[in-house]
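Asker: Take a look and give me a structure for this.
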Amino acid sequence: MSLDKKEKSNRTAGFVFGKRNYQLLIASIAVVAIGFFLMMGTTDIYSFTKITLAPLVVVLGFALGVVAILIKPGSKPGNAPGKEK
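Answerer: Take a look at the predicted model:
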């Protein structure tokens, strides 16, 4: 019982994600916003921008958001897991 209390007291409160995760998350929100802005577009309902480009941009923004959540905090893009220097 006392061992559990010591382990809990050693833990410090911090952010769940790292700086890179939050940067990617903000970028994904911006990409989704750009996609919705492209969907507003002009008065032409059947334009390429509204029908094809804007939905692709929105899906890419959501995919970037998933990557931002799943990437490990503190991991470098060039480092493979298990590689030690």
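Asker: what's the spacing between Gly14 and Tyr22?
Answerer: 13 Å (Cβ to Cβ, to the nearest Å). Bear in mind the C-beta positions are built from the backbone N, C-alpha and C, glycine included.
Asker: Settle it for me: which of the two has more neighbours?
Answerer: For Gly14 and Tyr22, the more surrounded residue by other Cβ atoms under 10 Å is Tyr22, and the numbers stand at 14 against 8.
Asker: what's the helix or strand containing the more buried one in contact with?
Answerer: Using DSSP states H and E, Tyr22 sits within helix 19-40. Residues from elsewhere that reach helix 19-40 (Cβ atoms under 8 Å, 6 or more residues apart in numbering): 15, 17, 49-50, 53-58, 60-62, 64-65, 67-69, 71, 73.
Asker: Pull out the buried positions in it.
Answerer: Neighbour counts over helix 19-40 (16 or more other Cβ atoms under 10 Å) mark 20-21, 24-25, 28, 31-32, 35, 38 as buried.
Asker: what secondary structure does Thr12 sit in?
Answerer: Following DSSP: H, G, I helix; E, B strand; the rest coil, we place Thr12 in the coil state.
Asker: Can you give me the distance of Phe48 to Gly41?
Answerer: Distance from Phe48 to Gly41, by Cβ to Cβ: 10 Å.
Asker: Between those two, which has more neighbouring residues?
Answerer: Neighbours were counted for Phe48 and for Gly41 using other Cβ under 10 Å; Gly41 has more, 15 against 10.
Asker: wait, that one sits on Thr52?
Answerer: No: assessed by Cβ atoms under 8 Å, Gly41 is found out of contact with Thr52, at 11.7 Å.
Asker: got any ranges where this structure has weak pLDDT?
Answerer: 1-11, 74-85 (pLDDT under 70).
Asker: go with 90
Answerer: Across the chain, the ranges flagged by pLDDT under 90 are 1-18, 41-47, 49, 72-85.
Asker: Quick check, Pro73 in contact with Gly18.
Answerer: Yes: under the criterion of Cβ under 8 Å, Pro73 makes contact with Gly18 at 3.1 Å.
Asker: neighbours around Ile51, how many?
Answerer: So Ile51, with other Cβ under 10 Å, has 13 neighbours.
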